[in-house]
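Peer 1: From the sequence below, what's the structure:
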Amino acid sequence: MGALQASGHDAVLVTADSQLEGALAGADVLIVDLTSDALARIELVRTALSAASPRTLAFFSHVEGDVRDAARQAGFDLVVPRSRMARVGAMFTQRFLPPAH
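Peer 2: Numbering: from 1, shown residues only. Next comes the predicted model:
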């Protein structure tokens with residue numbers, strides 16, 4: 001989030017499921033941490049995305065191939081291991097976002 005904010009983008013951290021729908025209303029990109037409660041989060045996002053259409057980027061624990069597969073099947077635009085997200089996550093996000101105002 002820090003890299004996004006530093007480059008002029010608004011970034012909101014959603015920590016509760018009840019915040020998701022409101023956060024999606026004006027979102028250009030949704031970044032989802034699938035390292036805990038992954039299958040529940042995937043379903044929640046899949047359902048919430050029917051009313052909104054931001055680009056989606058998810059990251060998962062590299063040992064959980066089933067989580068990666070479930071996220072891809074749910075329609076996430078990009079699904080990457082957490083370690084890769086830590087290294088180049090800002091680049092992935094920048095690919096999805098329009099230039100900051």
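
Peer 1: Could you point out the helix or strand that follows the helix or strand where residue 31 lies?
Peer 2: If you go by DSSP states H and E, residue 31 is part of strand 29-33. Next helix or strand after strand 29-33 toward the C-terminus (DSSP H and E): helix 38-48.

Peer 1: now the angle from that following helix to strand 29-33?
Peer 2: Orientation check (axes from the mean of the first three to the mean of the last three C-alpha atoms, to 10 degrees): helix 38-48 against strand 29-33 gives 160 degrees.

Peer 1: Who are the packing partners of helix 38-48?
Peer 2: In terms of contacts (3 or more C-beta pairs under 8 Å, 6 or more residues apart in numbering; DSSP states H and E), helix 38-48 is packed against helix 17-24, strand 29-33, strand 55-60, helix 65-74. C-beta coordinates here come from the backbone N, C-alpha and C atoms, glycine included.

Peer 1: can you tell which of these is closest to residue 85?
Peer 2: strand 55-60 (3.9 Å; C-beta to C-beta).

Peer 1: what comes up buried for that closest one?
Peer 2: 55, 56, 57, 58, 59, 60 (16 or more other C-beta atoms under 10 Å).

Peer 1: try stretch 26-46
Peer 2: 27, 29, 30, 31, 32, 34, 38, 41, 42, 45, 46.

Peer 1: In those residues, find the pair that's most separated.
Peer 2: 27 and 38 (20.2 Å).

Peer 1: Report the helix or strand with the lowest average pLDDT across this protein.
Peer 2: Lowest by mean pLDDT, DSSP states H and E among the helices and strands of the chain is helix 2-6, with a mean of 70.

Peer 1: Fine by me, we can end here.
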